[in-house]
Structures are given as C-alpha cells and as structure tokens.
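Peer 1: Give me a 3D structure for the following:
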Amino acid sequence: MRKQQQAAEEDNEINLTPMLDVVFIMLIFFIVTASFIKEAGIDVNRPDAFTAERQEDAAILIAISANDEIWIDRREVEPRGLREAIEKLHLENPRGSIVIQADENSTHEKLVAVMEAAKQVGVTNVAIASIND
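Peer 2: You can find the predicted model right below:
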C-alpha cells in the first residue's frame, strides 16, 4: 500500500523542466533584442533648433554641463583626458558617430575643445544635439 501511495505521489508531481526551458529562452530573447540606451551621464538643457535632423548610430555621447563639465559614459572627464576617452570609445565602434549634448549655458570653448579632440582622433561624423532631436 505504501508503494502505491508513493508511486501515486510521483505521478502527481509537475515536471518543471519544460517551463524552465521556456523561461530561459524568453530571457535570452529579451536580452538579445533589447535596445540599450546610451547616456552621457547628466541632463542638459539643449538649445532649440528648427533644422534638426535625427542622428542614427551614435556610438559616443558627450555631454557638456552648464558649468562646462564634460561627461562621457556617466563619468566626468577632464579636458586633458578627453582625447584618450574619445579614442578608446572610437576604437570600440569605428563606424559610429559622436553626438555632443551641450547645455545652452555652456561655453563655446568647451564645445570646440570636444570637437577638436574628436577631429584629432579621426572622427569625422560629429553632431550637436538640440531639443528637436
């Protein structure tokens, strides 16, 4: 009698293996298809532009704050290390472009410094973000 009861309990168990397989496959699907949003690291008040065009394949996002701090990949970069930081990211994706998110209160000096560093590295596709992007 005890063996029959034990056999009946084994028959009543739910096999979780197929469910775990489906969950695992769904997890892989969502990881592969998720689009990862790149952020420069700070929020910037970008100026208005009526002739703005959408920039695709932005590999490097650089933000310039209102107090002229330069941010790349959520970390502040000193002006003397800017070229090296851009060069490192450009080597990871040579076909990508640079998008500079300059605050409307930042100085032109910092914007030009970032553009010069990009030019020194060899990046030719540089865009400046505006509100209408």
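Peer 1: domain parsing for this structure?
Peer 2: 2-33, 58-128 (automatic domain parsing).
Peer 1: Shouldn't residue 66 be within a strand?
Peer 2: No - according to DSSP: H, G, I helix; E, B strand; the rest coil, residue 66 belongs to no strand; its state is coil.
Peer 1: before we move on, back to that, confidence-wise, which of the domains of the chain is weakest overall?
Peer 2: Looking over the domains of the chain, mean pLDDT reaches its minimum on domain 2-33, with a mean of 78.
Peer 1: follow-up on the earlier one: which one of the domains of the chain is the most hemmed in?
Peer 2: domain 58-128 (a mean of 17; mean count of other C-beta atoms under 10 Å). C-beta: built from backbone N, CA, C; applies to glycine.
Peer 1: Residue 83 against residue 123, yeah?
Peer 2: No - counting by C-beta atoms under 8 Å, residue 83 does not reach residue 123; the two are 10.7 Å apart.
Peer 1: Common neighbours of the two, please.
Peer 2: Between them, residue 83 and residue 123 share no contacting residue under C-beta atoms under 8 Å, 6 or more residues apart in numbering.
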